[in-house]
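[1] only geometry, no sequence info:
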């Protein structure tokens, strides 16, 4: 479990908070998940924006809504919010380690194929998410 209130298996906590070494400068960049916002409401985009702090600076990873649609069509399963955070974190770590990351850039918008590639990478590394709900459902009150 993480400290943020979401309950999900530890296998999906790998890219919520991590360190990566920047390719060119060889500096260690500490990254931590901060927020998930549906971008349709904020910037009229068909995407979900996931915010990280990378070395203390905000970085948004925008995942297209079509990633959710394609994954469900292919597998019959849904992409949960915690899994989406892992996909965005996987991309951010890749961007830092490959030299794609630019320290001042605040937004990275992934295409559907890019998002699917990082989703598949997370699933290869950690397996499929569990079928049960990722947050506990409280027992109904009995009077």
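    Here it is on my side, so go on. What you are looking at is a predicted structure, and each value in this text was computed from that prediction instead of being measured. Residues are numbered from 1 along each chain as shown.
[2] Pull the number of nearby residues for residue 101.
    By other Cβ atoms under 10 Å, 22 other residues sit near residue 101. In short, each C-beta sits where N, CA and C put it, glycine included.
[3] Check the one 4 residues further on too.
    Residue 105: 13 surrounding residues under other Cβ under 10 Å.
[4] which helices and strands sit right next to the helix or strand hosting residue 48?
    Here residue 48 sits within strand 47-54, counting by DSSP states H and E. Helices and strands touching strand 47-54, by 3 or more Cβ pairs under 8 Å, 6 or more residues apart in numbering; DSSP states H and E, are strand 28-38, helix 39-43, strand 57-64, helix 81-98.
[5] show me the contacts for residue 119.
    Going by Cβ atoms under 8 Å, 6 or more residues apart in numbering, residue 119 touches 67, 71, 79, 83, 87.
[6] Would you list the strands that the strand holding residue 48 pairs with, along with their directions?
    If you go by DSSP bridges, strand 47-54 pairs up with strand 28-38 (antiparallel), strand 57-64 (antiparallel).
[7] Show residues contacting the first one.
    Under the contact criterion Cβ under 8 Å, 6+ apart, strand 28-38 has outside partners 4, 15-22, 48-55, 58-59, 81, 84-85, 88-89, 92-93, 96, 101.
[8] circling back to that earlier point, could you take the helices and strands packed on strand 47-54 and lay them out as a markdown table, with extra columns for mean neighbour count?
    Below are the helices and strands packed on strand 47-54 laid out as a markdown table (neighbours: other Cβ atoms under 10 Å):
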| stretch | mean neighbour count |
| --- | --- |
| strand 28-38 | 15 |
| helix 39-43 | 12 |
| strand 57-64 | 20 |
| helix 81-98 | 22 |
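[9] returning to what we had before: so for the strand holding residue 48, what gets flagged as buried?
    With burial defined by 16 or more other Cβ atoms under 10 Å, the residues of strand 47-54 counted as buried are 47, 48, 49, 50, 51, 52, 54.
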